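> A predicted structure for the sequence below; I have some questions about it.
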Amino acid sequence: MSEIRKHNTYETDSSIALYCEFHYGDEYFNVANFPKKYAEYALQKMQYKNKINALEIGCAVGRASFELAHEFTQVTGMDFSARFIQVANQLKENATLRYAIPDEGDIVRYKETSLKALGFYSIKQRCHFIQQDACDLKPIFQGYDLILGANLIDRLYQPRKFLDNIHHRINDSGLLILTSPYTWLEEFTEKRYWLGGYKQNGENVTTLDGLKNILLEHFELIDVADIPFVIRETKRKFQHSIAEVSTWQKR
Ligand SMILES: C[S@@+](CC[C@H](N)C(=O)[O-])C[C@H]1O[C@@H](n2cnc3c(N)ncnc32)[C@H](O)[C@@H]1O
């Protein structure tokens, strides 16, 4: 099986329903909408900086990219999943999105949202959604004031390939913001490519340690914080996680 094979996980009907609800649906257990929250967090970190070009890698169905467009002139939302990008474009072009989420067994609930209801209608032209592999980014993707990768690194087949050259794509003093619950799984990332979550010479290596090893040469770590999130699987089953968000300023 090739290394790019495993990502079909994000092409299925069930993952589309899951991510539509995660991005555009209800909030559960009083935990704020995650993509809205991390986009707001990023905008707050960008407060006194240029906000011309932003790139969100692993944007899924696009909520955070739309949120960034409230303040950025141009936002590129990128994802490996063609179907996620299709959903984001469908919302952008048709201004409405309909989806069905599972309640129990074959019983589903129909949901609908619109650009107008979300407050994105007037800014939709600032957003562009494209299908791309984060581990094999073309050289044209550069000149960004912000690159955001939310819950992405532990889903990449070779996260180092994404991080090694990322500094070439960010403007001086621009930010790289990464969030992750660091839930490494061999289903997505072979163990030899994990950035952390293992022992080396008897010492724990955390993912933040791994990120520092790669990024500190070209970035300063300016903030680390937590952002919780809840993903609804069915009416009675939810995942509650806590992502760590690290903010890296290009030197
Ligand atoms: C856990 S989801 C997070 C999605 C979104 N950022 C969020 O927080 O809701 C991981 C995302 O990374 C995308 N992804 C996985 N491998 C990728 C790759 N090689 N290049 C670009 N995106 C990738 C998946 O398609 C999926 O949308």
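Yes, it's here. Residues are numbered from 1 along each chain as shown.
> Give me the phi and psi for residue 10.
Main-chain torsions, residue 10, degrees, to the nearest 10: phi -90, psi 20.
> May I ask you to confirm that it is in contact with residue 84?
Yes - contact criterion C-beta atoms under 8 Å: residue 10 and residue 84 qualify, at 6.1 Å. (Each C-beta comes from the backbone N, C-alpha and C, glycine too.)
> ok, the two, which is more surrounded?
Counted by other C-beta atoms under 10 Å, residue 10 and residue 84 do not tie: residue 84 has more neighbours, with 25 against 20.
> Spatially nearest residue to that one (excluding sequence neighbours)?
Distances taken as C-beta to C-beta, 6 or more residues apart in numbering place residue 60 nearest to residue 84, at 4.9 Å, with adjacent residues excluded.
> got any residues that touch both of residue 10 and residue 84?
The contact sets of residue 10 and residue 84 overlap at 19, 60 (C-beta atoms under 8 Å, 6 or more residues apart in numbering).
> From one end of stretch 146-159 to the other, what's the distance?
Stretch 146-159 has an end-to-end distance of 18 Å (C-alpha to C-alpha, to the nearest Å).
> Mean confidence (pLDDT) on it, please.
Across stretch 146-159, pLDDT averages out at 98.
> Number the residues from 512 up from this point.
Fine by me, first position is 512 from now on; the one you just mentioned is stretch 657-670.
> anything in that stretch near the ligand?
Yes - counting by C-beta under 6 Å from any ligand atom, the ligand is contacted by stretch 657-670 at 661, 662, 663, 666, 667.
> What's the local residue count around the last one?
Okay, so that is residue 667. Counted with other C-beta under 10 Å, residue 667 comes out at 23.
> Same check on the third one?
Other residues near residue 663 come to 21 when the count uses other C-beta under 10 Å.
> Nearest residue to it in space, ignoring adjacent ones along the chain?
Spatially, and ignoring its direct neighbours in sequence, residue 663 is nearest to residue 569 (3.5 Å; C-beta to C-beta, 6+ apart).
> so what's the backbone phi/psi at the one you found?
According to degrees, to the nearest 10, residue 569 has phi 80, psi 40.
> was I right about it contacting residue 590?
Yes - if you go by C-beta under 8 Å, residue 569 and residue 590 touch, sitting 5.9 Å apart.
> dump the residue contacts of the residue nearest the centre of the chain.
Taking C-alpha atoms, centre = their mean, the centroid of the chain lies closest to residue 661, which sits 3.1 Å from it. With contacts defined as C-beta under 8 Å, 6+ apart, residue 661 is in contact with 545, 546, 549, 567, 569, 575, 689, 690, 691, 754.
> what's the spacing between it and residue 574?
Note on residue 661: its distance to residue 574, by C-beta to C-beta, to the nearest Å, is 10 Å.
> anything in contact with each of the two?
Shared contacts of residue 661 and residue 574 (C-beta under 8 Å, 6+ apart): residue 546.
> quick one on the thing from earlier: which of the contacts of residue 661 sits closest to the ligand?
residue 569 (3.2 Å; C-beta to the nearest ligand atom).
> so who does that closest one touch?
By C-beta under 8 Å, 6+ apart, the residues touching residue 569 are 589, 590, 591, 645, 660, 661, 662, 663, 666.
> What residues does the fourth one make contact with?
By that I understand residue 645. Residue 645 sits next to 568, 569, 589, 591, 660, 663, 667, 673 when contact means C-beta under 8 Å, 6+ apart.
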